[in-house]
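Visitor: One predicted model, sequence on top.
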Amino acid sequence: MADIGKVRIRVPSTIKPGDVVRVRTLVIHPMERIERDAQGKIVQKKYRYIDRVVATYLGKTVAAFDTTQSVAENPSFAFTFRATDPGVLKVVFHDTHGSTWEGTADIRFS
Amino acid sequence: MRAWPVAALLGLAAGCAGGGLPQATQPPPAWTSRAVPEARGDFRVRADGKREAIRYKGWTGRDFGAFRTYAYDDARPEVPVTRAAMPAGVAGDPKKGRALFLSRAKGPCSGCHLIPGDDVWPAGSVGPDLSTLGDRRLPDAYLYQQIFDPRVVLPNTAMPPWGAAKIFTPEEIVHLVAFLQTLRGPAPPEKDPERNPFTRPKPPGFGDNLDPTNNPGVLVAEEAEALWSARGPAGRSCADCHEGGPARSMRGVATRYPKHVAAYRRMMSVEDFLAAHGPETTGRPLPSESAENLAMTVLVKMASNGLPVAVDLTSPPARAALARGKASFHRRVGERNHACADCHTPDKGAGKFLGGRLLGDVTDGLTRHFPTWRTSQGALWDMRKRFQWCMTPLGANMLAADAVEYAELELYLTSFDNGKPLSVPGIRH
């Protein structure tokens, strides 16, 4: 897991103004699961997992996710938004250890 | 001394004109497996004296040692063709017969044959639809023989000899016959069109296999990039000899595999070659079916994505290996006495449903997306693990992942992919 926090964003190759665009994002992250000791007791520690994902477009939040450990390692999030103007789509991932990673995608019309 | 060049010339001529046939009968030299322990096809003896196969976690440990395998040194014949008469004094119970027909611990017969009933799910279409078999008024003795060993009537059938291989007891077959005789038309109307494999739509696939947000397998290759430039115990890394990074130095390499590697005197896939070549150069072990071997294989193969497969099929060792691989493809093995050809050639099972699974057609080329992400397993599998996985339904003990037998079978399968573009990693069920 050398490149934790590497973000990938996939948008359609052709977008027309006013289209509802489906975006897929993926971030490299371990999404630590709850561990149990030999007695079956939960190991108390600050587990590292992504608990919030926010997508903004033209300065406005277009999607936000509150997530838990039940989401798999290297999680993938998909959402839709309406592309009205050319601009930058930014997706920010926050985890419980306070790290944030972000990725951007240019929304251009063709 | 004078006879020397003549003999050499004769040998050369035979090699050119003989179509590789003389070599085909000579198996390649023995190979010591370089696979991880669970992929070697080894056995252990349990405390109670039972022999148990060492396989991957979660796979059956059952020993199918009574039945022949793909090993070239396994000279045993297939399950002998057996004529059988119906046992007297056993009354067939259609209810028991239906339960046996659907029992996953046995066939299940419904994997290939459709019968009425909403609980028949998912039925397959490899064999004939039996929904109204009873209307044909076939004699009980004939149906009994068909189940016990259908090769007596149909020598080329894909159906296993259920009685001759002792999967069903004679009594159980009597119950099955009694059940089949109750199947009278008209078949009830279908509530769900997907229940009937003859009308079920074909699965649409999983989308773009090279998109990392779609195929987790792509991420595996990225992990291998660190491995590419990491020095092994011998002080060298892949990058020290193969300059320009994996994408440039390995471009086109994977299109030529499996190929005959003279240094190791055998047919080798990329995985096989890495398992031998990696430790010899960098000192880092890359055993077959290890995560490192798989990741490196994906990295090497991705460097050839989009390029047409171009395996050698004409050199004498390649022709000999191809002939042996083809023979393996048609060789009947295991408890089920199946050949690969039973499920994967268009005149038999290919394009039909085995249970809910659509069977691939060997002539389409089944190899150029391997290693492939298996959505049903949540893991990346190379072709060898896929072969080994096939061994359980065949009821045959698996060979080592890097066995020569598998490499030559892989060459035969890859021969149908020649000229078609590589696209690794794939994504499949």
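Guide: It's in. Residues are numbered from 1 along each chain as shown, chains lettered A, B, ... in the order given.

Visitor: Number of residues surrounding A:Ser110?
Guide: 7 (other C-beta atoms under 10 Å in any protein chain shown). Glycine gets a C-beta too; all of them are placed from N, C-alpha and C.

Visitor: Same question for B:Gly252.
Guide: By other C-beta under 10 Å, neighbour count at B:Gly252 equals 12.

Visitor: now swap in B:Ala239 and tell me
Guide: Neighbour tally, B:Ala239, other C-beta under 10 Å: 16.

Visitor: Get me the contact residues on chain B for chain A.
Guide: Proximity of chain B to chain A, by C-beta under 8 Å from any C-beta of the partner chain, involves residues B:211-214, B:216, B:219, B:222-223, B:226.

Visitor: let's see 7 Å
Guide: Taking C-beta under 7 Å from any C-beta of the partner chain, the part of chain B that reaches chain A is made up of B:211-213, B:216, B:219, B:222, B:226.

Visitor: so where do the strands sit in the stretch 51-200 of chain B?
Guide: Counting by DSSP state E, counting those that start in this stretch, the stretch 51-200 of chain B forms strands over residues B:51-53, given from the N-terminal end onward.

Visitor: now the helices for it?
Guide: Ranges of helices in the stretch 51-200 of chain B, per DSSP state H, counting those that start in this stretch, are B:94-102, B:140-148, B:170-181.

Visitor: Would you mind finding the most buried of those?
Guide: Mean neighbours per residue, mean count of other C-beta atoms under 10 Å in any protein chain shown, is largest over the helices of the stretch 51-200 of chain B for helix B:170-181, with a mean of 22.

Visitor: what element comes up after it heading to the C-terminus?
Guide: Heading C-terminal from helix B:170-181, the first helix or strand you meet, by DSSP states H and E, is helix B:217-229.

Visitor: elements contacting that following helix?
Guide: Contacts defined by 3 or more C-beta pairs under 7 Å, 6 or more residues apart in numbering or on different chains; DSSP states H and E place helix B:217-229 against helix B:238-241, helix B:291-302.

Visitor: After the shortest one, which helix or strand is next?
Guide: Toward the C-terminus, helix B:238-241 is succeeded by helix B:245-249 as the next helix or strand (DSSP H and E).

Visitor: chain center to that following helix, what's the gap?
Guide: Counting by C-alpha atoms, centre = their mean, to the nearest Å, helix B:245-249 is centred 31 Å from the centre of its parent chain.

Visitor: Enumerate the positions of it that are buried.
Guide: Judged by neighbour count using 16 or more other C-beta atoms under 10 Å in any protein chain shown, the buried positions of helix B:245-249 are B:246, B:249.

Visitor: can you confirm A:Asp51 is in a strand?
Guide: Yes - judged by DSSP: H, G, I helix; E, B strand; the rest coil, A:Asp51 forms part of a strand.

Visitor: so who does it touch?
Guide: Taking C-beta atoms under 7 Å, 6 or more residues apart in numbering or on different chains, we find A:Asp51 in contact with A:66-67, A:94-96.

Visitor: Could you measure from it over to A:Ser99?
Guide: Counting by C-beta to C-beta, to the nearest Å, the separation of A:Asp51 from A:Ser99 is 11 Å.

Visitor: Confidence-wise, which helix or strand of chain B is lowest on average?
Guide: helix B:3-17 (a mean of 41; mean pLDDT, DSSP states H and E).

Visitor: hmm, back to that, as CSV, the helices of the stretch 51-200 of chain B with distance to B:Phe329 and mean pLDDT would be great.
Guide: As requested, the helices of the stretch 51-200 of chain B are exported to CSV (distance: least, C-beta to C-beta, whole Å; pLDDT from 0 to 100):
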stretch, distance to B:Phe329, mean pLDDT
helix B:94-102, 30, 97
helix B:140-148, 26, 97
helix B:170-181, 30, 97
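
Visitor: Name the residues of chain A found near chain B, please.
Guide: A:2-3, A:8, A:10, A:24-26, A:74, A:76.

Visitor: about what we covered before: TSV for the helices of the stretch 51-200 of chain B, including distance to B:Phe43?
Guide: Putting the helices of the stretch 51-200 of chain B into TSV (distance: least, C-beta to C-beta, whole Å) gives the following:
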stretch	distance to B:Phe43
helix B:94-102	30
helix B:140-148	30
helix B:170-181	29
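
Visitor: so which of those helices comes closest to B:Pro346?
Guide: B:Pro346 lies closest to helix B:140-148 among the helices of the stretch 51-200 of chain B, at 24.0 Å (C-beta to C-beta).

Visitor: Figure out how far the closest one is from the centre of its chain.
Guide: On the basis of C-alpha atoms, centre = their mean, helix B:140-148 sits 29 Å off its chain's mean C-alpha point.

Visitor: go on, stretch A:63-76?
Guide: In this view, stretch A:63-76 has its centroid 7 Å away from the chain centroid, taken as C-alpha atoms, centre = their mean.

Visitor: A:His97 versus the closest residue in space to A:Asp37 that isn't next to it in sequence, what's the distance?
Guide: Spatially, and ignoring its direct neighbours in sequence, A:Asp37 is nearest to A:Val43 (5.7 Å; C-beta to C-beta, 6 or more residues apart in numbering or on different chains). With distances taken as C-beta to C-beta, A:Val43 is found 16 Å from A:His97.

Visitor: go on, A:Phe109?
Guide: 39 Å.

Visitor: Quick check, the residue in the stretch 51-200 of chain B closest to chain A?
Guide: Nearest residue of the stretch 51-200 of chain B to chain A (C-beta to the nearest C-beta) works out as B:Lys57 at 18.1 Å.

Visitor: what number of residues lie near that residue?
Guide: 5.

Visitor: Which residue comes closest to it once chain neighbours are left out?
Guide: In space, B:Lys57 is closest to B:Glu38, 7.2 Å off (C-beta to C-beta, 6+ apart).

Visitor: Just the pLDDT at the one you found, thanks.
Guide: Per-residue confidence (pLDDT) for B:Glu38: 96.

Visitor: go on, B:Gly134?
Guide: For B:Gly134, pLDDT reads 96.

Visitor: Wait, it touches B:Arg184, no?
Guide: Yes - using C-beta atoms under 7 Å, B:Gly134 is in contact with B:Arg184, at 4.7 Å.

Visitor: neighbour-wise, which of these two wins?
Guide: A direct count of neighbours by other C-beta under 10 Å for B:Gly134 and B:Arg184 places B:Gly134 higher, at 16 against 12.

Visitor: need the contact list for B:Asn214.
Guide: Neighbour list for B:Asn214: B:207-208 [criterion: C-beta under 7 Å, 6+ apart].
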